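Peer 1: quick one: sequence plus predicted model below, questions after.
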Amino acid sequence: MSDSSGGGVTWLLVVVGWVATHYLSLKREKRKEVRSKLDEIRAELSALESEITVFHTNSTFSLEKARVIVLHMQRISSDVEREPKLKKDTSRFRFDLRKAATLVNFDKTAFTRLEHDSIVLDKVASAHDNLVNQLERNYILFYRDSFV
Amino acid sequence: MIIDLDDVRGFGSSFLEEAFGGLVRNGFGVEELKKRINFVAFDESLKEEIRYYIDHGLDEA
């Protein structure tokens, strides 16, 4: 092999190595970014569940708290919608959480103070867990076979 | 009819059920509603929830 062709192979290896390293680095960064987004969504969901509990166990109806819950729920749902790697099959679970929290006892005229072990709050907790489980499932399935 | 659900500061399920399940309770046919109303929403779960109330109403919610 001549010196020039040997040099060509070396350069080719350098370029291929750089491309591979760059590609794997990008993949690793994206994975970290998605994990970070998922942790953020989980924290927001926990905060939302606390807000829902406070609202339903309050002695009087609070329009302000009701608005905060509805807005918070929409922001979380939109965050999930924006993350294609996480949103798969979560639509029903987001709908279940909104329904559990805001379908009953969410009207000023029919509001009653609920106990912490009420069916409504039980459904909220289940819907929260189901949504988190689906988000985690999506993360695991997407990155399961990845080695970076 | 096109109903745009975006750019609103959230919906409670009690409102969605009352608005869309209420149409069925007030005599509008399920198939007629599905044929005539198109929903625009970034959040897919909203459309799914409305379709549910049109199909099932409050009884099975």
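Peer 2: Alright, I've got the coordinates.
Peer 1: does A:Val104 sit in a helix, a strand or a coil?
Peer 2: The local conformation at A:Val104, judged by DSSP: H, G, I helix; E, B strand; the rest coil, is coil.
Peer 1: can you count the residues close to A:Glu115?
Peer 2: Other residues near A:Glu115 come to 10 when the count uses other C-beta atoms under 10 Å in any protein chain shown. Glycine gets a C-beta too; all of them are placed from N, C-alpha and C.
Peer 1: using the three-state scheme, assign it.
Peer 2: coil.
Peer 1: hey, where'd the helices end up in the chain?
Peer 2: Assuming you mean chain A. A:3-57, A:63-81, A:84-87, A:91-102, A:119-143 (DSSP state H).
Peer 1: other chain: chain B
Peer 2: Under DSSP H, chain B gives helices at B:13-16, B:22-25, B:30-36, B:44-56.
Peer 1: got these as TSV, with distance to chain A, mean pLDDT and mean neighbour count columns?
Peer 2: Formatted as TSV, the helices of chain B follow (distance: least, C-beta to the nearest C-beta, whole Å; pLDDT from 0 to 100; neighbours: other C-beta atoms under 10 Å in any protein chain shown):
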stretch	distance to chain A	mean pLDDT	mean neighbour count
helix B:13-16	4	95	21
helix B:22-25	13	93	16
helix B:30-36	17	92	12
helix B:44-56	4	94	20
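Peer 1: now those helices in TSV, with distance to A:Thr109?
Peer 2: Listed next are the helices of chain B as TSV, based on distance: least, C-beta to C-beta, whole Å:
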stretch	distance to A:Thr109
helix B:13-16	11
helix B:22-25	16
helix B:30-36	26
helix B:44-56	20
